[in-house]
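Asker: Pasting a predicted model and its sequence here:
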Amino acid sequence: MKNEFLYFALRNRKLRLGLSVVLFFLLLTFVGPLLTDYDPWGYIGAPAQPPSAEHWFGTTTFGQDVFSQFVHGLGPAFLVGALGGGLATLIGTAIGFVAGYRGGWIDEILNMLTNIVIVIPTFAVLLIIAAYLEVRSFFIEAVFIGCTAWPWTARAVRAQTLSLRAREFVDLARISGMRASKIVAFEVAPNMMSYLVMVFILQFGGAILNAATLDFIGLGPTTGISLGLMMNYAVLWGALQLGMWWWFVPPGLAIALIVGALYITNVGLDEVFNPKLREK
Amino acid sequence: MKRYLTRKLAIYILTFFLAVTIDWVIPRFMPGDPVQTMLSRANLRAEAVEVMRGYYLKAFGLDVPVWRQYLNFWVAVFHGDLGVSVYLFPKPVSRVIMEAVPYSLALLIPATVLSWIAGNKFGAFAARRKWLDNTLLPVGYLLNATPYMWLGILLAWAFGIALGWFPIAGAYGFDRTPSLSLGFILDFLWHWFLPFASLFLVQFGGWAIGMRNMVIYELEADYSQYLEALGTPRGLIRRYAFRNALLPQITGLALQLGVIVAGSVVTEIVFSYPGIGYLILQAIQNQDYFLIQGCFLFIIIGVLLANLVVDIVYIVVDPRTRRGMMGES
Amino acid sequence: MALKVEGLRVYYQTLRGDVRALDGASFSVGDGEIMGLAGESGCGKSTLGRSLILLKPPMKYVGGEVLLDGDPLPIWDRERMAPYRYKKVSIIPQQAMNALNPTRKIGRLIRELLEARGVSSRDLLPELKRRLDLVELSHEVLKMYPIELSGGMKQRVVMVISTLLDPSLLIADEVTSALDVSTQKRVAEMLVGFRDHKFVRSMIVITHDISILYQIADSILVMYAGKLAEKGPTEAIVRRPRHPYTQLLISSLPEIGVRHTERRLSGIPGSPPPLLEPPQGCRFRERCPVAFDRCREEPPFEELAPGHLVACWRAHG
Amino acid sequence: QQFPRSETLYISGAAWGPPSDWNPFITWSKANTSGTVGLIYEPLFFYDPLRDELIPWFAESGTWKGENLFEVKLREGLTWQDGVPLTAEDVAFTFELGKKYPAIWFSPMWDYLESVVAVGDRYVEFSFKGTPLYQEFENNLYNIAIVPKHIWEGRTEEEIASGANENPIGSGAYRYHSHSSDRNVYVRNEDWWGIRLLGLKPAPKYIVDIRFASNNVALGSLLKGELDLSNNFLPGIAALVEQGYVKTYLPEPPYMLSANTAVLFLNTTKKPMDDPAFRKALAHAINVDDIIKYAFAGLVERANPTGLLPTLSKYVDREVVEELGFTYDPEKAKMILAEAGYADIDGDGFVEAPDGSKISLEVTCPYGWTDWMEAIRVIAQSARAVGIDLENKTPDYGAWNTALVSGTFDMTLNNWASLSNTPWTLYNLLFNHPIRDTMGSGNFGRYDNPEAFDLVDELAATPVWDTEGMQAICSRIQRIMLTDLPMIPLWYNGLWYQYNDAVWTNFPSAAEDTPHWLPCTWAGYWQMGGLHALFELKPAG
Amino acid sequence: MVELERVTKVYRVGTFGGRALKAVDEVSFEIADGEVVSLIGESGSGKTTIGRMILRLIPPTSGRILFSGMDISTLKGKALKDYYRSVQGVFQDPFSSYNPIFKADRVFRVVRQEFFPNVEEGEWGKRVEGALRAVGLAPGEVLGKYPHQLSGGQLQRLLIARALLLDIRFLVADEVISMLDASTRIDVLNLLAELKGERGLSILFITHDLALGHYLSDRAVILYRGCVVERGPIDRVFGKPYHPYTRMLLSSVPRLDRKWEEGKVGLKGQQAAPTKGCVYHARCPFPYESCKGERPHLVEVEPGHLVACHRIGETEVGKCRRQG
Ligand SMILES: Nc1ncnc2c1ncn2[C@@H]1O[C@H](COP(=O)(O)OP(=O)(O)OP(=O)(O)O)[C@@H](O)[C@H]1O
Ligand SMILES: Nc1ncnc2c1ncn2[C@@H]1O[C@H](COP(=O)(O)OP(=O)(O)OP(=O)(O)O)[C@@H](O)[C@H]1O
Ligand SMILES: [Mg+2]
Ligand SMILES: [Mg+2]
């Protein structure tokens, strides 16, 4: 059974493609900073240079090295993705489990909460809260994103839990005297592992996008560098008008590729776990 | 049905209440004193500032205890009075918003509706069609993964600056004033196109992929198998699958509304399109908390209404929910 | 002969190799005959039924041919088979509960289904209503969604739909298994009624419950591990089974009136062989109380008495 | 096309937000409709900073008839845009609004103003109690816009102090035409009194004042020739000037005139900024040239250590500057630090205070002010280079503003003293007093020096014609300032100005054959040369 | 041992629980020590619900369930665990009774964790082997395998073995054999019969298959729409059924010794849900007027044999005592 998944996983083109792109960027995150010794903020070259051997991705209007900014910006993207996506997954899963397993009025209340968070335009709240903090860090940004992105996960996990809860092995666990929390942790959750992984992947991608959006409109971290911030700077300093495509293309492309690859990985995984979806 | 609607309505009302409260609370606890901020721009002598501060605190209704401000706020909301903008003083917030709303809607509604329809059609069409599925869907994923602003920037750069085909800022040319003339409408559409396209494309990718996955599920469902066993042409089976897959997509639309609104905010920012999103950024940057409040309130109401519409549409389209709600009789 | 099957082999393609779910089946079903298909779970009953109408991956056609009313059925070709489906061969699937599109009213579903096959639904409406009456459903169901019907009602709706074009052959796969005794009885009787009314010419009724077959079937075909074990008239199979498997199967069925304190029944020891790499020779050999050396060879499926075929060396010997 | 291109001047750079009012008394928001004062409403005088002289406008003349009496003589034949004659009554009415309503910005004038009386149709007499604040008064003369009594007298306090004043009727060269969220449109007032009385007629029939969402969009429009004159800060403009795509006032660096002084305020209530030696060291540490080079791409000039703009250079005491001025000299900075007892004790590369406590400071500017964000980055780098642990932080505007006025920041940039006819404007900002809980109008670092405060007060009360008296006081202020360095003037923010002469020509510039006016459309600058530039424009081709 | 006293269960159904569905309606019966009781009824008659209530998986809406005289709804914590030491269940679907991602013998480990944390590894292994032998499984064949590698019959036996590890006295067997093949069914049935005989186990045997019920049980309880319509010793109920429903059920059973009589069973009546009167009257071949208005009580027609039918009270057995 396990080998079968592995077999399909190795064989799945989408999974392979998606994972290799993500891994490539992950590798770049770690190796990239070693490839360049320019300080991402340092004024180290002639301004507004197109890509060259010296500056692989060219320079900004201030003469900063775009490649250096780019590789240093990848880290925060992954960080926010992992942290924000992880938090959203965690909250969503916890709420989904409790609502689905406990049922009754707890379910009703959690449902109501979920509905409310879904209906409230969280992005607008995010904007306002982000503006509320004097100085913001990637960590705080990730926490925000995590705290607002969980509802769909909660819904999905709740539905899954409901259907698992009706399975007889849960009854069996109950008449074995297992506590509810234990049942959720050791009977229900392991069954949803593949699903949770997929949820996490989606949340990961979503968090990266959200963070980029926040950074772009200037509500991201007030220190450090990120891909969204790069785009923000590029646009603010007229990179479009001055034709400095090398400044704004790489960060956006990287985000699109990473998130797109994550999505494709997700479909790949879905196909691996769900025989019906496999390519015919 | 009635019971269901009452429940839903209750949720909506509660949400509205909470959201409006959050809306009221957050800006009030933001750092910075809006009146001070406003006056510091005037660059006056200290004596004048003191006097004017008192005057404007009163004008903005900030001279009463917080709980009163809260109650006053609710009273005002029901009178459609959202206060006076600080940043656009002395313009009432409601008027500022009303001027921006048409532009936002002009972008958001067509982009969302058209991308939903087109994305779903396309996704359903591509499902289980090997060639399309393998070539065009990766593009769909990439589109859906593209940050709204980046696509906007790319389009603006490629079509606005490099090729110079479209303008990249504003809702209409600087040499025009709004009118119902053909010239103006064409000019408006010309300005509208790029922001619309970037919103449309990103969403299109998402819907197409969602639909493709749903349709594959449906095509594997028992009823599809049965129909196939009865020799039903693929056309009909696909039609059924499409229709059934559409239902989750409707719910998806409701779930996505928040994201779409966020997308339209950044798109408006990229294209300096004078809608609510753009306004909200201005309001935040200028600490105009009455305006922030107003924009947010408007978004809340908009999203709530859209959700309500989606909910109702869902009831109308899906017999399963209708039945579940009405009981078996 | 309404249906004649010769050496039909259908495998499932899996990672670990082919699952030989149907490994050479030859039998025929006569005009107006209701043939029961019985056997343990996983012995290939559904595979046989499905392969006669819709053979699709991971099912793989390996060999054999099928003649329906004298015409060969191109069962290996999904496209070419299409015109035969419904009109000639029809099926009541195992998951009848979920077989109806949940978002279409029954009436509309039927109309669209018929029109897609080029049949005028208006012409068929009176007949449809007559058949609904026959299965004791009110005409109101046409205006209902599947979810508004109980399982038994859906089952009957599917029965009516599947037979609306009077196919020559109907495959009814486990149609009664999920029902309780009273409904089971009525549904089974309705199946017979369909045959009696000539809605269908002949029928293959798949079930693991031999006692139901005893009530309705004209003949019974017993399968074991992808192979045919025994076929014969119902009475003969139930009263004088020749294959040891059939014998054991029947003797393990508790009957009303039997109590364990009085007569202790016993099951068949052991379990069926894996179909991935089935053993040579008789596949029942391992569990057979009367197996002997010869069973290492594959026993032929041969006629012992008129219409009574058995694949067992002992029976032949 | 509603506005024929050849008759329309497209400008930008003035509006911060969508137009919201046309009330000449709401000074902070009139930036959104910058032409309210200057194009629609007019003050008694204009002021030309390039020549440092008042230009009589409504007023034919203004005369000090003694220390306490100022008489203005109006021109003959002035009219409002609705045709009603403009008389001394209107002037008196306008000034008296400040007496009646404390919420009007110039009402503090009435501390020393006794009365403003119309004498006949053409004379207005301003009489004062005690010594008037001459400097402020003269500044106000060209900043207070006169409103028509016949329209405004029926209005309530609220309408006057905070009304939107839609469809404004003024006296100026342009009338309100229309507006939308990203523009103001003005149309020439063909009946303007100036055409008759001064023989001046602005060339463009229409002025469309565009508010671009971001400067880069303005740049795009300017390059395309959709925009004629831009007062936006456009990064990268230097390269485009070199390539001849656009033009600026000066043909070579810094390209721009100076508009105001960027000052680094140090919070003197906090350690170690309370130590003059530390402040001095910091002043020597900051690499202003780098700021100019990177943050502004060479578009600005290093500030005089006194902070006074070039237009006011006659008030700079060169000897004092010579003796006490600071330059970029990191070695000297380190030396001063060392001498004052700042040393790196724990070996982390940063100095500790003489008492051994750690120093860890922040320099701030509002988030989104991109050029300043780069500037404080350089400041922080410079400071770290001499061993001062300084980090650059960019809070949002509101938070920044709160910290600024309540004195919770360490160091921050500010440039709120605008181009003016008097050095008092700058010193009033730098040495604003007394020290209150909220310092909303200057002296954010809460530098407390009664001697300096007295000098500023003395300057305020010095008659404007007494240049020498002013110079003497300024010199003493400068000595205190450069000795103590409570704040560090760094560079002059540019008067951003670039134009495209495809449609209009004869824009002001430093070139010999072009007019010399302050080419600015910002609020408050129309009367400082902006309008005059329009008189000189010529259609191209 | 186990006694149900007027137990009622009402489910709230519909999207928001808008409607009430009475799944079990004032059911009373008891199961004595060492007795096997069959709970028989059509689909949806509430059999599983009763079983789950006894296992305390769901609470009754009203009424009491007593175990050795103790109301089980009051059990908590340790007392509840003790209850589960004596009372266990085996469910219908052997495949879904196992967590598919774990090995099947995990069910034993859970029992050890929860009930015998102090028993040593080796000792425990012996006990498991003993239990497996008791249910006729070779330990080597089943231990360490995943559920999908085992047959349904093996899995059901594993579950029974699991119950045996505890010193159970009462077993709820909910349709334990309906998913099994005809040939393996009988083995599980025999196993249950042995347990009863050897260990004096009481069993509530839930089934809709009358033949199986008869094979195993001492007494039968016939349930229709949540109501007990007839109950009594198995021979009596099957031998001389009084209630028309019981008779209909019996006549519908497909048998190998005789063919069905022509259908008397109507299907149409199944849909209506009577709120008052006899639950069965819509389908009853010989209804009285009174059947519509008044719900019949259980009446003892012969010792230990109770029937709820108006016809009984008036014609066949004149003098019988009315029961609760
Ligand atoms: N999709 C599949 N892939 C691989 N093997 C399959 C597949 N479907 C069925 N099989 C195998 O084929 C054999 C026959 O299956 P089939 O469904 O025909 O049995 P059946 O007799 O109908 O059983 P049941 O009574 O459980 O319906 C079984 O051993 C089964 O494991
Ligand atoms: N969790 C539940 N929520 C709502 N209704 C339920 C629930 N469980 C069971 N029911 C309903 O209660 C009634 C009795 O159900 P129960 O499962 O006890 O019947 P059963 O006799 O075991 O039937 P089957 O033979 O089909 O298992 C049915 O109508 C069923 O639909
Ligand atoms: Mg089958
Ligand atoms: Mg049940």
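Answerer: Alright, I've got the coordinates. Ligands and ions are numbered 1, 2, ... in the order given.
Asker: okay, CA-based contacts and neighbour counts for the rest of this
Answerer: Noted.
Asker: do you know how far B:Trp207 is from B:Met214?
Answerer: When distance is defined by CA to CA, to the nearest Å, B:Trp207 is 10 Å away from B:Met214.
Asker: if you count what's nearby, which of the two comes out ahead?
Answerer: In this comparison of B:Trp207 against B:Met214, neighbours counted by other CA atoms under 10 Å in any protein chain shown, the higher total goes to B:Trp207 at 27 against 23.
Asker: what about the more buried one, distance to B:Tyr141?
Answerer: 10 Å.
Asker: repeat for C:Leu213
Answerer: Between C:Leu213 and B:Tyr141 the computed distance is 54 Å (CA to CA).
Asker: Same check on E:Trp260?
Answerer: Between E:Trp260 and B:Tyr141 the computed distance is 61 Å (CA to CA).
Asker: The two: which is more packed in?
Answerer: With neighbours defined as other CA under 10 Å, E:Trp260 and B:Tyr141 compare such that B:Tyr141 has more, 26 against 18.
Asker: my read: the more buried one touches A:Ile264, true?
Answerer: Yes. Shown here, B:Tyr141 and A:Ile264 form a contact pair, counting by CA atoms under 8 Å, at 6.9 Å.
Asker: which stretches of the chain form helices?
Answerer: I'll assume chain A. If you assign secondary structure with DSSP state H, the helices in chain A sit at A:2-11, A:13-35, A:66-102, A:104-119, A:122-132, A:138-148, A:151-165, A:168-175, A:180-183, A:189-191, A:193-216, A:227-236, A:245-273.
Asker: you looked at the wrong chain, it should be chain B
Answerer: Applying DSSP H to chain B gives helices spanning B:2-28, B:34-40, B:46-59, B:66-78, B:93-126, B:130-145, B:148-155, B:182-219, B:222-229, B:234-270, B:276-285, B:289-317, B:319-326.
Asker: Show me the helices in chain C, by range?
Answerer: Assignment of helices within chain C using DSSP H yields the ranges C:45-51, C:106-116, C:121-134, C:151-163, C:181-196, C:210-216, C:234-239, C:244-251, C:313-316.
Asker: Output those helices in a markdown table; the columns should cover distance to ligand 1 and mean neighbour count.
Answerer: Written out in a markdown table, the entries for the helices of chain C read as follows (distance: least, CA to the nearest ligand atom, whole Å; neighbours: other CA atoms under 10 Å in any protein chain shown):
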| stretch | distance to ligand 1 | mean neighbour count |
| --- | --- | --- |
| helix C:45-51 | 4 | 22 |
| helix C:106-116 | 26 | 18 |
| helix C:121-134 | 28 | 15 |
| helix C:151-163 | 17 | 23 |
| helix C:181-196 | 17 | 20 |
| helix C:210-216 | 12 | 23 |
| helix C:234-239 | 19 | 19 |
| helix C:244-251 | 14 | 20 |
| helix C:313-316 | 24 | 16 |
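Asker: What parts of chain C come near chain A?
Answerer: Within chain C, the positions near chain A by CA under 8 Å from any CA of the partner chain are C:Leu15.
Asker: Strands of chain C, start to end?
Answerer: For chain C, strands defined by DSSP state E occupy the ranges C:3-14, C:17-29, C:34-38, C:59-68, C:71-72, C:89-92, C:169-173, C:202-206, C:219-224, C:227-233, C:302-305, C:308-310.
Asker: right, quick check: the second one against chain E, any contact?
Answerer: Pointing back at strand C:17-29 there. No. Strand C:17-29 stays clear of chain E (CA under 8 Å from any CA), getting no nearer than 15.7 Å.
Asker: Check the offset of that strand from the chain's centre.
Answerer: From the chain centre to the centre of strand C:17-29 is a distance of 13 Å (CA atoms, centre = their mean, to the nearest Å).
Asker: what's that strand in contact with?
Answerer: Applying CA atoms under 8 Å, 6 or more residues apart in numbering or on different chains, the contact partners of strand C:17-29 are C:1-13, C:35, C:42-44, C:47-48, C:64, C:202-203, C:225-228, C:275-278.
Asker: what's the answer for the first one, then?
Answerer: For strand C:3-14, the external contacting residues (CA under 8 Å, 6+ apart) are C:18-30, C:47-48, C:51, C:57-70, C:169.
Asker: Nearest residue to the middle of chain A?
Answerer: Nearest to the geometric centre of chain A sits A:Phe204, at 1.8 Å (CA atoms, centre = their mean).
Asker: tell me the contacts of that one?
Answerer: Contacts were defined as CA under 8 Å, 6+ apart; by that measure A:Phe204 touches A:Gly81, A:Ala82, A:Gly84, A:Gly85, A:Gly86.
Asker: now swap in C:Ser219 and tell me
Answerer: Going by CA under 8 Å, 6+ apart, C:Ser219 touches C:Glu33, C:Ile34, C:Met35, C:Gly36, C:Lys231, C:Gly232, C:Pro233, C:Thr234, C:Glu235.
Asker: D:Leu250 now?
Answerer: Contacts here follow CA under 8 Å, 6+ apart; on that basis D:Leu250 touches D:Met256, D:Leu257, D:Ser509, D:Ala510, D:Ala511.
Asker: closest point of the stretch 101-250 of chain C to chain B, which residue?
Answerer: At 5.5 Å from chain B, C:Asn101 is the closest residue in the stretch 101-250 of chain C, using CA to the nearest CA.
Asker: give the contact list for the closest residue in space to that residue that isn't next to it in sequence.
Answerer: Leaving aside its sequence neighbours, C:Asn101 sits nearest to B:Tyr223 (CA to CA, 6 or more residues apart in numbering or on different chains; 5.5 Å). With contacts defined as CA under 8 Å, 6+ apart, the neighbours of B:Tyr223 are C:Asn98, C:Ala99, C:Leu100, C:Asn101.
Asker: before we move on, which element is D:Met439 in?
Answerer: In this structure, D:Met439 sits in neither a helix nor a strand according to DSSP states H and E.
Asker: which stretches of chain A have low pLDDT?
Answerer: Residues of chain A meeting the criterion pLDDT under 70: A:1-3, A:121-124, A:126-128, A:130-135, A:222, A:275-280.
Asker: Which positions in it make contact with chain E?
Answerer: Applying CA under 8 Å from any CA, one finds that chain A approaches chain E through A:167-178, A:187, A:190-191.
Asker: Quick check, B:Leu255 in contact with A:Ile118.
Answerer: Yes. In this structure, B:Leu255 is within contact of A:Ile118 by CA under 8 Å, at 6.5 Å.
Asker: Which one of those two is surrounded by more residues?
Answerer: In this comparison of B:Leu255 against A:Ile118, neighbours counted by other CA under 10 Å, the higher total goes to A:Ile118 at 24 against 18.
Asker: The more buried one and A:Arg155 touch, don't they?
Answerer: No. A:Ile118 sits out of contact with A:Arg155 when judged by CA under 8 Å, with a separation of 10.1 Å.
Asker: This completes my enquiry, with thanks.
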